[in-house]
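Engineer: Build me a model:
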Amino acid sequence: MAFNKSLAPHIVDALTKEGSAPRTLRALNITMYTINQAQLKQIVEKHKMLMVLNVTVEVEPTEESKRQLLEVLEGLEEVEQIEIVGNPSLKFYEEVSNPQRQTLQNAFPNEDDMKALSKKCTKLEVFKASILRTKSMGYVEFKKPALAWQGGLTMPEESEEKDGGAANKNLESVKNGDDKKAKE
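Structural biologist: Sure thing, here's the model as predicted:
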């Protein structure tokens, strides 16, 4: 995946400056470009009526970074779906490799955060967050089919348990040369 930071200012300008900004933007997918939280705030302030937001944002492994992100997202009055693709800092990568640290829990919303966010974003039904759209470091997925949020953080070990560890078994067989197709 390409997460081009160099073009992000041009995209943000095109989305927010008078003369080039869309008048009524309802869905925005800019996951091909990484923006920072200040740039996301500019976009949200200009397009408060977004219903669907998919965006790649620089993330830090701190509660403060999560709080700032949630404050920005609270400005989306009509949003129904949000996907945050986290582009992690070096500090994030260093911390996520230590399972005793709660890196993803610090960086992404929990159920209490979702309850608070849905007080401002009353139409929000789906929230997803991951690191570079991979599940290998864990991911967050919440759905609100009725009155209560369902879902939360899923760590890689939990994903392996759900599929019976099939992915690891396949990887091991390839490493051991047991897979005939891998030899070809």
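
Engineer: For the closest residue to residue 74 other than its chain neighbours, give me the backbone phi and psi.
Structural biologist: Among residues not flanking residue 74 along the chain, residue 120 sits closest, at 4.0 Å (Cβ to Cβ, 6 or more residues apart in numbering). For every residue, glycine as well, the C-beta is placed using N, CA and C. Main-chain torsions, residue 120, degrees, to the nearest 10: phi -90, psi -40.

Engineer: shaky segments in this structure?
Structural biologist: Along the chain, segments meeting pLDDT under 70 span 1-4, 158-184.

Engineer: just the helices in this structure please.
Structural biologist: 8-16, 37-46, 63-73, 90-96, 103-107, 111-120, 156-162, 166-176, 180-183 (DSSP state H).

Engineer: quick one: contacts for the spatially closest residue to residue 55 that is not a sequence neighbour?
Structural biologist: Residue nearest to residue 55 in three dimensions, not counting chain neighbours: residue 30, with 5.5 Å by Cβ to Cβ, 6+ apart. Applying Cβ atoms under 8 Å, 6 or more residues apart in numbering, we find residue 30 in contact with 11, 54, 55, 56.

Engineer: again with residue 50
Structural biologist: For residue 50, the contacting residues are 25, 26, 27, 28, 44, 76, 78, 79, by Cβ under 8 Å, 6+ apart.

Engineer: quick one: which of those residues is most hemmed in?
Structural biologist: The most crowded member of these, judged by other Cβ atoms under 10 Å, is residue 79 (26 neighbours).

Engineer: thinking it is in contact with residue 54, fair?
Structural biologist: No - judged on Cβ atoms under 8 Å, residue 79 makes no contact with residue 54 at a distance of 11.2 Å.

Engineer: you'd agree residue 45 is up against residue 75?
Structural biologist: Yes - the criterion here is Cβ under 8 Å, and residue 45 meets it with residue 75 at 6.4 Å.

Engineer: More neighbours: which of these two?
Structural biologist: residue 75 (18 against 11).

Engineer: quick one: the more buried one from residue 46, how far?
Structural biologist: As judged by Cβ to Cβ, to the nearest Å, residue 75 and residue 46 stand 10 Å apart.
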